[in-house]
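structure for the following, please:
(chains A, B, C and D)
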Number of protein chains: 2
Amino acid sequence: MSVTADIKDLGLTKQREVVLQVIREADEHLTANEVFDKSKSLLPTISFATVYNSLRYLKDAGHIAEISFGNGASRFDAMTSRHDHAICTKCGKLVDMEIELPKEVVDFAACFSKFKLESIELTLRGLCPNCSNT
Amino acid sequence: MSVTADIKDLGLTKQREVVLQVIREADEHLTANEVFDKSKSLLPTISFATVYNSLRYLKDAGHIAEISFGNGASRFDAMTSRHDHAICTKCGKLVDMEIELPKEVVDFAACFSKFKLESIELTLRGLCPNCSNT
DNA sequence: TTTTAGAATTAGAATTATTCTAAATCTAAC
DNA sequence: GTTAGATTTAGAATAATTCTAATTCTAAAA
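Numbering: from 1, shown residues only, chains lettered A, B, ... in the order given. Have a look, this model is predicted:
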């Protein structure tokens, strides 16, 4: 399920297309700076401000998500589907997970907060396999 | 349960004590800047760097938590007990919630990520009551 | 086609957030 | 009281993000 829309079909400007492509093709979660570097190699005239503008645009349009854990810069995530994150408190490694939340947990959260729910996600903090055996 | 330790019993320096007190007494989640302003009124000689150092120290010691949602500065939370957050996607309002996660969800997350679990939390995003009726 | 209005992009400056540095001060063990 | 190590201070430095103003692009109207 959750087939990812083809980039060409989204009616984006060339710059926004490149930014989205960079994020989708990355095998890690990139910072704005890294997105800029990679975008620049695909479209050398692109400017830093445009990368930030595009990131905001793509985020608002729901094509990407911004993740931020209070350590340095925000990172960006190609939202192909809802998912959760695990973050290493030692090295900062970020891993995607897919965890199904029981309906009663989601309902309870929405009800308790009185918020109109848009999304809900789990964040696990701990030591990644690498850091835990050192 | 979860009685909050008395600040005086933690063996903190005066500066760290003040920072912790400010965070505990705030009725909102403050930014580092706001913590600095309030700390300064209690202890006028405190410096900005010390506030940041203290925040890091208190965070590492588990007395406070840093929350960060990719919009502006990090905010700090007096961790009296484990809890979750709801954040308004429109106005940024941040609300604490206490939601009990089923054991199997926690176990699944730990198992899936292969991380040595330290904490796990839920983040709900949506419109706060105020923003949803406009 | 031109014109035009609005949106997007660019380059670089400006702002905001956070960390670093080096000197001064405090603290607790000797 | 000395001393070593940790902490604090002030301000500089760096990093992250946003703003500004000039330019370019785009698509619809004339």
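
quick one: residues contacting the residue positioned nearest the centre of chain A.
Closest to where the C-alpha atoms of chain A average out (CA atoms, centre = their mean) is A:Asp77, at 2.0 Å. Residues counted as contacts of A:Asp77 (CB atoms under 8 Å, 6 or more residues apart in numbering or on different chains) are A:23, A:29, A:64-67, A:96. In short, each C-beta sits where N, CA and C put it, glycine included.

show me what contacts the closest residue to it other than its chain neighbours?
Excluding the flanking residues, the one nearest A:Asp77 by CB to CB, 6 or more residues apart in numbering or on different chains is A:Ala65, at 4.5 Å. Residues counted as contacts of A:Ala65 (CB under 8 Å, 6+ apart) are A:59, A:76-77, A:79.

could you tell me the phi and psi values at the residue nearest to the centre of chain A?
A:Asp77 adopts backbone torsions of phi -130, psi 130, taken as degrees, to the nearest 10.

and A:Ala26, by the same measure?
phi -70, psi 140.

what's the neighbour count on the closest residue to DNA strand D within chain A?
Nearest residue of chain A to DNA strand D (CB to the nearest atom of the strand) works out as A:Ala49 at 3.2 Å. Burial measure for A:Ala49: 9 neighbouring residues, criterion other CB atoms under 10 Å in any protein chain shown.

so how far is chain B from it?
18 Å (CB to the nearest CB, to the nearest Å).

about what we covered before: which members of the contacts of A:Asp77 are classed as buried?
A:23, A:29, A:64-67 (16 or more other CB atoms under 10 Å in any protein chain shown).

out of those, who's nearest A:Phe36?
A:Ile23 (11.6 Å; CB to CB).

correct me if wrong, but that closest one is in a helix.
Yes: counting by DSSP: H, G, I helix; E, B strand; the rest coil, A:Ile23 is part of a helix.

so in chain A, which strand runs the longest?
strand A:116-127 (DSSP state E).

got the contact list for that strand?
With CB under 8 Å, 6+ apart, strand A:116-127 has contacts from A:69, A:82-90, A:97, A:99, A:101, A:106, A:109-110, A:132, B:89, B:105, B:109-110, B:113, B:115-127, B:132.

okay, and for chain A, where does confidence drop off?
A:1-3, A:134 (pLDDT under 70).

what residues does it put near DNA strand C?
Residues of chain A found near DNA strand C (CB under 7 Å from any atom of the strand) are A:13-16, A:43, A:45-50, A:53-54, A:57, A:70-72.

out of the contacts of strand A:116-127, which end up buried?
Looks like the contacts of strand A:116-127 have A:69, A:84-89, A:97, A:99, A:101, A:109-110, B:89, B:105, B:109-110, B:113, B:115-117, B:120-127 buried, using 16+ other CB under 10 Å.

and the closest residue to A:Phe48 other than its chain neighbours, how many neighbours?
Closest residue to A:Phe48 apart from its sequence neighbours, by CB to CB, 6+ apart: A:Phe36 at 5.5 Å. Using other CB under 10 Å, A:Phe36 is surrounded by 21 other residues.

you'd agree A:Phe36 is up against A:Leu43?
No: if you go by CB atoms under 8 Å, A:Phe36 and A:Leu43 don't touch, sitting 10.7 Å apart.

which SSE is A:Asp107 in?
helix A:103-113 (DSSP states H and E).

quick check: angle from that helix to helix B:103-113?
Angle between the axes of helix A:103-113 and helix B:103-113 is 110 degrees (criterion: axes from the mean of the first three to the mean of the last three CA atoms, to 10 degrees).

now do helix A:103-113: everything it contacts.
A:116-117, A:120, B:84, B:86, B:95, B:97-99, B:101-102, B:105, B:122, B:124, B:126, B:128.

farthest pair within those residues?
Longest span within the contacts of helix A:103-113, CB to CB: B:Pro102 and B:Cys128, 26.3 Å.
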